[in-house]
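Trainee: Here is my input; please provide its structure:
(2 chains)
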2 protein chains.
Amino acid sequence: MTRPLSVAVAGLGTVGAGVLRMLRDNADIIAARAGRPVAVTAVSARDRTRDRGVSLAGLRWYDDPAALAADPAVDAVVELIGGADGAARALVLAAITAHKPVVTANKALLAVHGGALASAAEAAGVTLAFEAAVAGGIPVIKALREGLAGNRITRVSGILNGTCNYILTVMRERGREFAEVLAEAQKLGYAEADPSFDIDGIDAAHKLAILAALAFGRPVAFGDVHVEGIREVSALDIAYAGELGYRIKLLGIARAAEGGIETRVHPCMVPQSAPIARVDGVFNAVVAEGDHVGRVMLEGRGAGAGPTASAVVADLIDLARGRATPVWGAGSGALSNAPSLPIGAHVGTYYLRLMVVDRPGVIADVTAALRDAGISLESMIQRGRAPGEAVPVVLVTHETDETSMRAALTRIAALDAVLEKPVLIRIEPA
Amino acid sequence: MTRPLSVAVAGLGTVGAGVLRMLRDNADIIAARAGRPVAVTAVSARDRTRDRGVSLAGLRWYDDPAALAADPAVDAVVELIGGADGAARALVLAAITAHKPVVTANKALLAVHGGALASAAEAAGVTLAFEAAVAGGIPVIKALREGLAGNRITRVSGILNGTCNYILTVMRERGREFAEVLAEAQKLGYAEADPSFDIDGIDAAHKLAILAALAFGRPVAFGDVHVEGIREVSALDIAYAGELGYRIKLLGIARAAEGGIETRVHPCMVPQSAPIARVDGVFNAVVAEGDHVGRVMLEGRGAGAGPTASAVVADLIDLARGRATPVWGAGSGALSNAPSLPIGAHVGTYYLRLMVVDRPGVIADVTAALRDAGISLESMIQRGRAPGEAVPVVLVTHETDETSMRAALTRIAALDAVLEKPVLIRIEPA
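Mentor: Prediction:
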């Protein structure tokens, strides 16, 4: 057996400790699959004294993570510090500069600085691996970049944030409102004390930006992702979705469309019969559609120490075996320059829910606004009568472009009889 | 860009033509992802004149497939002839002997001769790739052997035969019997004229043997797989399954158990809430359970020209990039020698359906036989009364070993009041 792969790990939080534990507990099968032992020899973390449930005896300790890259006995660096900037970025750049391969779980870093980091890695001729950055233990980076590599991908979509999926699942199952389910999720540890990164869709958008870059072979473009979170999803709309044969999911969607690539993260209605509609709770799933393979779905745990460690260790085994792939699946000279499309160019069908005063003529005004924008209706629900009071009206459109939809929406929202901000949810095909 | 990878393809049936088409249609993205063009330069097939919908102009043609391996201008050989022996095996051996990497979609060859072929490939230092051999376009070989490589896999299971899954799906949805649905599937082209290879579970067993070898890092052991097909599944049992909260699926299951590895293919009852229960029609799915990653499911099309070509081309891109993995995920020196367990050692719960004469004392005789074998009951259904006539009785057991279950079954089948061969279906946990 050849020389061990000597690994430095920066960041010993839940995931870092999980990686050390996995490398220790499964050392035999990891060595068999890697062709040589994979051994952590150096670490860096803030607190030297905290009990992490795994022995750090004999490991070289560095207070400055970037110093790991300079350790001549280190073959590869694992970055688990997190955050798009600061110490994480400094370490990854230092490792690349030192011609050492990097494994990271850092979606924010990849999404925001992935273009520059990929160029630096290519110039230095080192691997930058990040299976753990998207969908935790599900090997979706490998599937897209290698397993489906022969396909022209037409669409990739996914449930990319377990916190949001958990909240939406509980809202649906128990008929409860967002705020109370969020509070409960925070108590259970399924949502952070400051949950905005998850529930406002930013975490999912980081991951979607990475998936889109892989699927369409172009540099990551996080700034182009249209992002909406789940704060405004109500129990009422979830109930109507059910009635119409849909479920509401926060999806990240990247799609090859006329003239470029759509990338968006927002609550969607998906048909109940779609496999992704049934992925509930904290689970993640990614659906890739290729011109030859058709639709492939991968489903599993998207977060947590075990699943994330599983992805990090898979990347280390690839390194140990010498299996390498360019960051976006192709070298910089072979990347696509397909532009990102603005959300206004999106074409699809829409769910529109209004609270209106129940009086004659209101529906006529609403439908006239839609007609004037060139939008036709597939269905309408106005249930119950309460003359003079507020009642919900639900409309489902035929296909239209988002610019027209928004023009109609502005006019509808301004109607006297429309009492609240209208709710607009995009409907996705199965 | 470096020199193209020069590929020879043996077998120009549906899949072979699909591979040529995919390499032609997606030449640009395949070259980008492979780092160089992937070009078919030589082919072998029976009929030179048949129109395959793809031009063969300029390709060197060999009547003897094994001659492809001797062509000095060929870098890699794709074997799409099929069959465990004969021309397919001769070609693969010739290519390995000539130190040329091989890509094959041939599950029968891998299942029956995979041990010897893997040893030969290792000795010659060449890659033997077979992503297309299991679950078509779903990158399940790559997921198990690389993406989840750091995990101790505890169980891998799957819907591995689209024909069987289609038949069982239609039987359930329409309440129809096996024979008529099979006949219809044959008319629609979803089942072969001689369907036994599919419906008797042999095709699924070939694939399961391969998955088990990868999951547990040991040489393939097809002869040890316990195989039952779907011929005896009846509409009545499918209806009872639904009533009990299950669906009947033909699963391949490989599980690490006390003292070794269980490998079996048979109709199972799976909870309706299990993700795999909802994989319907011709779709395939594989669920892998790892000690750190938890449960990961991959779902997609398991057959057809496009999906199979997708997997073959992914293997060619790996070859072009120089990404290599030992056949069973680890070198021969690091493989496990865990033994296969006989089906008698299986421990689980069972569904038992009898047709009995409706008269007093029958249930007492049946339950006594179970009690004497140490088997306890979870539930019993005996619906309707028809004194003196045949009625179905359904029993669900608590956990027991199969040897005890079969002993009880022999005694029950011999009872006067039991009119038909009892139906026994294993229940799998979610």
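Trainee: Where do the helices of the stretch 51-200 of chain A begin and end?
Mentor: Remark: helices assigned in the stretch 51-200 of chain A by DSSP state H, counting those that start in this stretch are A:67-70, A:86-97, A:107-124, A:140-142, A:162-174, A:178-188, A:196-199.
Trainee: Contact residues of the stretch 1-150 of chain A facing chain B?
Mentor: A:18, A:22-23, A:25-26, A:29-35, A:131, A:136-139, A:142-143, A:145-150 (CB under 8 Å from any CB of the partner chain). No exception for glycine: its C-beta is placed from N, CA and C like everyone else's.
Trainee: Residue A:26 and residue B:148 touch, don't they?
Mentor: No - Residue A:26 lies out of contact with residue B:148 (CB atoms under 8 Å); the separation is 11.1 Å.
Trainee: which residues does residue A:170 contact?
Mentor: Residue A:170 makes contacts with A:176, A:181, A:184-185, as judged by CB atoms under 8 Å, 6 or more residues apart in numbering or on different chains.
Trainee: ok, of the residues you listed, which come out buried?
Mentor: Burial by neighbour count, 16 or more other CB atoms under 10 Å in any protein chain shown: within those this picks out A:181, A:184-185.
Trainee: need these in a markdown table with pLDDT, can you?
Mentor: Below are the buried ones among the contacts of residue A:170 laid out as a markdown table (pLDDT from 0 to 100):
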| residue | pLDDT |
| --- | --- |
| A:181 | 98 |
| A:184 | 95 |
| A:185 | 94 |
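Trainee: got a markdown table for the residues you listed, with distance to residue B:334 too?
Mentor: Below are the buried ones among the contacts of residue A:170 laid out as a markdown table (distance: CB to CB, whole Å):
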| residue | distance to residue B:334 |
| --- | --- |
| A:181 | 48 |
| A:184 | 47 |
| A:185 | 43 |
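Trainee: Residue B:97: which of those residues is nearest?
Mentor: Residue B:97 has its nearest neighbour among those in residue A:185, at 60.2 Å by CB to CB.
Trainee: nearest residue to that closest one other than its sequence neighbours?
Mentor: Distances taken as CB to CB, 6 or more residues apart in numbering or on different chains place residue A:191 nearest to residue A:185, at 3.9 Å, with adjacent residues excluded.
Trainee: which residues of chain A score low on pLDDT?
Mentor: A:1 (pLDDT under 70).
Trainee: The same query, at a cut-off of 90, please.
Mentor: A:1-2, A:47-49, A:189-190, A:360, A:382-388, A:430 (pLDDT under 90).
Trainee: domains of it?
Mentor: Domain assignment for chain A by automatic domain parsing gives A:5-133, A:140-301+A:336-343, A:346-427.
Trainee: how about those domains, which one is nearest residue B:77?
Mentor: The minimum distance between residue B:77 and these falls on domain A:140-301+A:336-343, with 17.6 Å, by CB to CB.
Trainee: measure that closest one end to end?
Mentor: 26 Å (CA to CA, to the nearest Å).
Trainee: mind putting the helices of the stretch 51-200 of chain A in a markdown table, distance to residue B:351 included?
Mentor: Formatted as a markdown table, the helices of the stretch 51-200 of chain A follow (distance: least, CB to CB, whole Å):
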| stretch | distance to residue B:351 |
| --- | --- |
| helix A:67-70 | 56 |
| helix A:86-97 | 53 |
| helix A:107-124 | 45 |
| helix A:140-142 | 36 |
| helix A:162-174 | 29 |
| helix A:178-188 | 36 |
| helix A:196-199 | 42 |
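Trainee: Report how many residues lie close to residue A:125.
Mentor: For residue A:125, the count of nearby residues is 10 (other CB atoms under 10 Å in any protein chain shown).
Trainee: same deal with residue A:372?
Mentor: Neighbourhood size, residue A:372 [other CB under 10 Å]: 12.
Trainee: contacting residues for it?
Mentor: Residues in contact with residue A:372 (CB under 8 Å, 6+ apart) are A:408, A:411.
Trainee: I'd like the distance between it and chain B.
Mentor: From residue A:372 across to chain B, the span is 43 Å (CB to the nearest CB, to the nearest Å).
Trainee: likewise residue A:356?
Mentor: Distance from residue A:356 to chain B, counting by CB to the nearest CB: 38 Å.
Trainee: Report the beta-bridge partner residues of that residue.
Mentor: Beta bridges link residue A:356 to residue A:391, residue A:418, judged by DSSP bridges.
Trainee: rewinding a little: distance to residue A:205 added to the contacts of residue A:170, as a markdown table?
Mentor: Listed next are the contacts of residue A:170 as a markdown table, based on distance: CB to CB, whole Å:
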| residue | distance to residue A:205 |
| --- | --- |
| A:176 | 26 |
| A:181 | 22 |
| A:184 | 25 |
| A:185 | 20 |
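Trainee: just the residues you listed now: which is nearest chain B?
Mentor: Set against chain B, the nearest of these by CB to the nearest CB is residue A:185 (19.6 Å).
Trainee: Contact residues of the stretch 151-300 of chain A facing chain B?
Mentor: A:151-152, A:217, A:275, A:278-279, A:290-300.
Trainee: Which members of these occur in strands, if any?
Mentor: Among these, the subset assigned to strands under DSSP state E consists of A:290, A:294-300.
Trainee: Now, of these, which are buried?
Mentor: A:290, A:294-300.
Trainee: Out of these, which is nearest to residue A:332?
Mentor: Nearest to residue A:332 out of those is residue A:290 (CB to CB; 23.2 Å).
Trainee: now the closest one, which residues is it bridged with?
Mentor: Taking DSSP bridges as the rule, residue A:290 bridges to residue A:153, residue A:294.
Trainee: wait, what's in contact with it?
Mentor: A:148, A:150-154, A:296, B:137, B:310.
Trainee: how about stretch A:63-82: buried residues?
Mentor: Residues of stretch A:63-82 classed as buried: A:65-69, A:71, A:74-82 (neighbour count, 16+ other CB under 10 Å).
Trainee: what comes up buried for stretch A:356-365?
Mentor: A:356-358, A:362.
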